[in-house]
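predicted model follows, preceded by the sequence.
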Amino acid sequence: MARSFILALAILTLLPTLCLAQDTSTSSSLTSTSSTRTTSSSTRTTSFTSSGSASASSSAIATKTYSIPTLPTTATLPPLNASSPLIQLVLPPSNLLYLTFSICTLTSNTTLLPNILISNEDPPSFDLGSRSVIDQSSGGTKVGGYNRRNNKNGNTWNVVMDRGFGNWTMNNTLGDMASVNVLFGLGLENDGETLDEIDVQGGVIVQMSASGDGPLNSISSSVPFLGDTTSSQALIFSPLLYASESIQPTYPNYTLPPAQLPLNPFPTDDLSPSSLIPGNTSLSNNLTLYIVPTNSDSSPTINGLEYSTCAISLAVNATGFLAEKAIVRSNDEPEWSNVDDQEGYRHYWAVGGLSAGTNYTTWIRDDRGVWAGPVWFTTKSESFPCQLVLPTSICPSIAYSAPLPVNSTSSSTPSGDLISDTSPIQSLPQELITLLTENLEGFSNSLLSQACGRDLYSHVSTCSDCFASYRDWLCRLVIPQCSDPNLSSSGDDSSSGVVHRPSSDNRNGISFPYDYDELLPCLSICNRVDRVCPVNMGFRCPRRAQNANESYAFIGEDTDSGDGSVEGGIRSYDVFGGRWCNG
C-alpha cells in the first residue's frame, strides 16, 4: 500500500465567500439568502425575527444562509466577525449524516469561540432550552464530553468543541429523511437568538466537513511516540497499529528465542481481528507526518487549536520549510518492534533539518482523515554529540540517541537537495553485538535449567517473560541513552538521572568515541527482571536507601512508586518529550 512520507504541505485558501472542496468528482453549487436579526441597543442582545427587515429603532444584523446541495463536501466558511457574526448552512435531506468542525483562525480575543447549534426541524429551531441533556449518540469530545440536546427526543443540538475540533452525527435510519440546518454564531447564546455585543479584531473561520458515509475527519485516541531527538533530527513512531506478541513456548519442548530475534515482515494478508489495537482500528497504514515549530505565530498550540485539522494545515503551509526537506529515513511498511514496551507493528520517521534547541509539535494523519496527536518534542543543543539508534533484532526496544560512532550516510530529496549528512544507526557495532549475544545466550542456558513451562515455575509469569525482561534490561545498560543536561526532565525528590561519562570510562569492556551525558535507566527496568525471574537465578536490584542511585533513576523512597513505570504512577516520559529516566 502506498504511503506518504513527506511532511504534508496542505494549502488552504480562505475566501470571503463559502468555499467547497468536493471529495468526489461531482461539483456543487451554492445558493445564498439572508435573514435578519435585530439588536436592541439597550440590552446588547439580538432577537431572531422571521421578517426580512428591522424596525426603525434597532440595527439589523443579517444572517447569511448557504445551501449545500450534495455530499460529501468540505466547506470553509467566510469569517465570523463583529459585523457579520452569524452564518447558517442548510444541508440536503438525509437520515444518516456525519459532520466535523475545525476552527481555522481566531479573533484578537482568542478565548472567544463560535457557538455551533444544529437543528433538523422544519422550520429550524435553534433554542437549546434551559434543560438540555447530554446526547451520546450525536458524538462529542474526550475532554469536553458529549454534545448537548434540548431534550431526550429533541431536534436541537449544541456541538461541544475541544481544542478546535467538534463532531456531530445523525442516525435516523428508521425515520423520515430530515433537512439539517447549522447555525454558527460569534457571541451567540444557546437560545439561538441572544447575540452578545462583541468588540474584536479579525474573524473566526470555521471549516465543516459533511458526509453520509462516515466522518471525513476524526481524532484517534492514540498518539505518536517520540523515540528521541538530536540537535537536528527526531525519531518519531506511529501509534502501535497491530499487536504481535511473542509466542509463548510450552513444555516439554520449551525453547527461548535466539539472541537475534527473527523479525517477521508485516503480514498484510493475514491480520487477525485480535491483532487490532483498541483506538487504532481506524488508522490505516497510509500515514503522513506533520511537524510545525511549536512557538511559531501560526502554531495551533499557541491558540489552543491543536485538534483542528484546518489550523494544522494552515500552520504546515505557513512553515513550509519542513514540507519536503525532512525525511532522513522511514519504513515502507510497518515494522515489528518492542518500542514503549508494546510488541507489534508501527511506522517510523527519522526527520532531519530541524533547528537545535527548538520546540516542535507533531501529528500523524492517515488517508481516511483520522488524526493522531499531537505530541511535543524539543531538539537537543547544538553541541549534543550522540546519534539516533533504530530498533534492531537484538535490541527491539532501543529507539533513542546513544554515544555510538556517527553513521555518515547522507540523505537528500528527490531533487538532490541535502537533508542531512548523517543518518540514524540501523546496525550496532560488532563489539556491542558480541557482548549482548554472549550475555543473552548465557542467561538463556541458565534459565532453561529452571522448571520452564510448568506450574512449578510460576502461576503469573514465564521463562519467556523473564528472558524478554532481561533482554530489555541488558540492552539499556550496554547501550546508554544520551541526555542533554540543559533539557532533561526530572521530578522533585528524584535521584540524579543524568551522569557525565568521559570517553575513557570503559564500561563492560566497551568504550565510546566521545564524552556524553547518560540518562540512567529507570529502576523499573531492573525491578521487572527481579519480579518475573526465578529467585535462584540470583538477579537482585539495589535498594533505594543504599546505592540504587548510582545505576538507576527513581523518584522518592516509596518502593511502590516513582520507578518510571506506568504502575508506579510516574512514567519515564511526558507528552512534551521530557524524559527523566531511560525506560
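Received it, and whenever you're ready, just let me know what you need. Residues are numbered from 1 along each chain as shown.

contacts, neighbours, all on C-alpha from now
Noted.

got the domain ranges for this protein?
For the chain, automatic domain parsing gives the domain ranges 24-215, 225-420, 430-550.

just give me the neighbour total for the closest residue to residue 450 other than its chain neighbours.
Closest residue to residue 450 apart from its sequence neighbours, by C-alpha to C-alpha, 6 or more residues apart in numbering: residue 457 at 7.2 Å. Residue 457 has 15 neighbours, counted by other C-alpha atoms under 10 Å.

and the gap between residue 457 and residue 252?
Distance, residue 457 to residue 252, by C-alpha to C-alpha, to the nearest Å: 13 Å.

joint contacts of these two?
When C-alpha atoms under 8 Å, 6 or more residues apart in numbering defines a contact, no residue borders residue 457 and residue 252 alike.

longest helix anywhere in the protein?
Assignment by DSSP state H gives helix 430-447 as the longest helix of the chain.

which one is residue 306 nearest to, not counting chain neighbours?
Closest to residue 306 by C-alpha to C-alpha, 6+ apart is residue 300, at 4.9 Å.

just residue 312 next, same as before
residue 300 (6.1 Å).

which SS state does that neighbour fall under?
coil (DSSP: H, G, I helix; E, B strand; the rest coil).

give me the neighbour count for it.
30.

gap between it and residue 102?
Using C-alpha to C-alpha, one obtains 11 Å as the distance from residue 300 to residue 102.

what's the neighbour count on residue 445?
11.

ok, the one 10 residues further on next?
Residue 455 is surrounded by 11 other residues when neighbours are defined as other C-alpha under 10 Å.

give the contact list for the residue nearest to residue 447 when sequence neighbours are not counted.
Closest residue in space to residue 447, ignoring its immediate chain neighbours: residue 463 at 6.9 Å, by C-alpha to C-alpha, 6+ apart. Residue 463 sits next to 256, 447-448, 452-453, 533 when contact means C-alpha under 8 Å, 6+ apart.

that older thread, can you give me phi and psi for the residue nearest to residue 306?
Dihedral angles of residue 300 (phi, psi; degrees, to the nearest 10) stand at phi -60, psi -30.

now for it: which residues touch it?
Applying C-alpha under 8 Å, 6+ apart to residue 300 gives the contacts 294, 306, 308, 311-312, 315.

and the furthest pair within those residues?
294 and 308 (14.7 Å; C-alpha to C-alpha).

who's more crowded, those two?
Legend: neighbour count by other C-alpha under 10 Å for residue 294 and residue 308, higher for residue 308 (29 against 20).

what's the weakest-modelled helix or strand in the chain?
strand 45-48 (a mean of 27; mean pLDDT, DSSP states H and E).

flag every buried residue along stretch 240-256.
240-244, 249, 255-256 (16 or more other C-alpha atoms under 10 Å).

need the helices for this structure, in chain order.
309-318, 430-447, 463-478, 523-532.

give me the contacts around the second one.
Contact with helix 430-447 is made by 256, 258-260, 394, 463, 467, 471, 474-475, 478, 510, 537, as judged by C-alpha under 8 Å, 6+ apart.

distance to residue 422 added to these, as JSON lines?
Converted to JSON lines, these look like this (distance: C-alpha to C-alpha, whole Å):
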{"residue": "256", "distance to residue 422": "36"}
{"residue": "258", "distance to residue 422": "31"}
{"residue": "259", "distance to residue 422": "28"}
{"residue": "260", "distance to residue 422": "26"}
{"residue": "394", "distance to residue 422": "23"}
{"residue": "463", "distance to residue 422": "40"}
{"residue": "467", "distance to residue 422": "34"}
{"residue": "471", "distance to residue 422": "28"}
{"residue": "474", "distance to residue 422": "27"}
{"residue": "475", "distance to residue 422": "23"}
{"residue": "478", "distance to residue 422": "23"}
{"residue": "510", "distance to residue 422": "23"}
{"residue": "537", "distance to residue 422": "42"}
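
of those, which is the nearest to residue 517?
Each of the contacts of helix 430-447 was checked against residue 517 using C-alpha to C-alpha; the closest is residue 478, at 14.6 Å.

tell me the contacts of the closest one?
By C-alpha under 8 Å, 6+ apart, the residues touching residue 478 are 432, 436, 508.

ok, residue 229 - contacts?
With contacts defined as C-alpha under 8 Å, 6+ apart, the neighbours of residue 229 are 235, 377-380, 388, 400-401.

redo those residues as JSON lines? Include neighbour count and distance to residue 73.
Converted to JSON lines, the contacts of residue 229 look like this (neighbours: other C-alpha atoms under 10 Å; distance: C-alpha to C-alpha, whole Å):
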{"residue": "235", "neighbour count": "25", "distance to residue 73": "35"}
{"residue": "377", "neighbour count": "24", "distance to residue 73": "34"}
{"residue": "378", "neighbour count": "25", "distance to residue 73": "37"}
{"residue": "379", "neighbour count": "23", "distance to residue 73": "39"}
{"residue": "380", "neighbour count": "27", "distance to residue 73": "43"}
{"residue": "388", "neighbour count": "28", "distance to residue 73": "42"}
{"residue": "400", "neighbour count": "25", "distance to residue 73": "42"}
{"residue": "401", "neighbour count": "26", "distance to residue 73": "44"}
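
between these, which is nearest residue 207?
Looking across those and measuring by C-alpha to C-alpha, the closest to residue 207 is residue 377, at 28.0 Å.

now that closest one: how far from residue 248?
36 Å.

for residue 312, same thing?
Counting by C-alpha to C-alpha - residue 312 and residue 248 are separated by 43 Å.

and for residue 538?
In terms of C-alpha to C-alpha, residue 538 sits 24 Å off from residue 248.

do residue 367 as well
Taken as C-alpha to C-alpha, the span from residue 367 to residue 248 is 35 Å.

quick one: stretch 392-401 to chain centroid distance?
Put simply, stretch 392-401 sits 22 Å off its chain's centre (C-alpha atoms, centre = their mean, to the nearest Å).

ok, what's across the strand from residue 516?
residue 501 (DSSP bridges).

also residue 75?
Counting by DSSP bridges, residue 75 forms beta bridges with residue 20, residue 208.

so what's it scoring on pLDDT?
Residue 75 is assigned 94 on the pLDDT scale.

and for residue 489?
Looking at residue 489, its pLDDT is 51.

what's the answer for the one 4 residues further on, then?
If you check residue 493, the pLDDT there is 45.

cool, and residue 522?
96.

next one: residue 177
For residue 177, the pLDDT comes out at 82.
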